[in-house]
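Visitor: I would like to see how this sequence folds:
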Amino acid sequence: MKSLQFPINFKFKVTSLSNDFSATDAYGNVIAYVRQKMFKLKEDISIYSDESKSKEIYKIKADRWLDFSAAYSLLDENGSEIGKIVRQGWRSIWKTNYELIDQFGTAQYVIREENAWIKVMDSILGQIPILGILTGYFFNPSYVVMNKKEENVVRLKKQASFLGRKFDIAKLGVIDSDDEHRIVLGLMMMILLERRRG
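Guide: Predicted coordinates:
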């Protein structure tokens, strides 16, 4: 991912057994293809430059087996850690909370779900036959990335779509290019985890 042109769109593949999605920029150019390896005890995500999967540009690896407070290292193509995303344990049971940490181990940003009731309604109504297929059109959670001043700098929102497969990232404030990449990588990992949770 070079210079990022917002908004960025995530679109999941419905035909794949694995949890794969492509990321496109404001001009429709593919900036990344995200592939989650199946049947791994620890999360192992590969991010490629495009859908051909010929060049791996990032990796995301969990520090432990699935856990409420696992940390996920964001690694560049050389294997150097450029940051982490950490799930906020029990605080995330009701309302999603993650923390983004930079390459020096300093907490930079917090990712919060804006309205937990949307996820609750989606989960409840998703259990009803036929109606459950349509919840992706009516219940669309959103998440904000906040800096240390508690200013919203980025928003990720699920778009109305069949099987909940489309998400958009909008830039709301000023952030430097290194942070943009760290935030987008963190949101890629978060959305994989949150889709699995329902």
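Visitor: tell me which element Arg112 is part of?
Guide: Following DSSP states H and E, one finds Arg112 within strand 107-113.
Visitor: so which elements touch that strand?
Guide: On a contact count with 3 or more C-beta pairs under 8 Å, 6 or more residues apart in numbering; DSSP states H and E, strand 107-113 meets strand 97-102, strand 142-146, helix 177-197. Backbone N, C-alpha and C define where each C-beta goes, glycine included.
Visitor: between these, which one is nearest to Lys11?
Guide: For Lys11, the closest of the helices and strands packed on strand 107-113 is helix 177-197, at 11.4 Å, according to C-beta to C-beta.
Visitor: just the angle between that closest one and strand 142-146, please?
Guide: Per axes from the mean of the first three to the mean of the last three C-alpha atoms, to 10 degrees, the angle that helix 177-197 makes with strand 142-146 is 150 degrees.
Visitor: where does the protein dip in pLDDT?
Guide: Residues of the chain that meet the criterion pLDDT under 70 lie in 1, 15-17, 39-41, 64-69, 89-94, 116-139, 161-164, 196-198.
Visitor: and the helices in it?
Guide: Using DSSP state H, the helices of the chain run over 116-125, 131-138, 177-197.
Visitor: the longest one: how far from the chain's middle?
Guide: What separates the centre of helix 177-197 from the centre of its chain is 3 Å, taken as C-alpha atoms, centre = their mean, to the nearest Å.
Visitor: could you give me the buried positions within it?
Guide: Neighbour counts using 16 or more other C-beta atoms under 10 Å place 179-195 of helix 177-197 among the buried residues.
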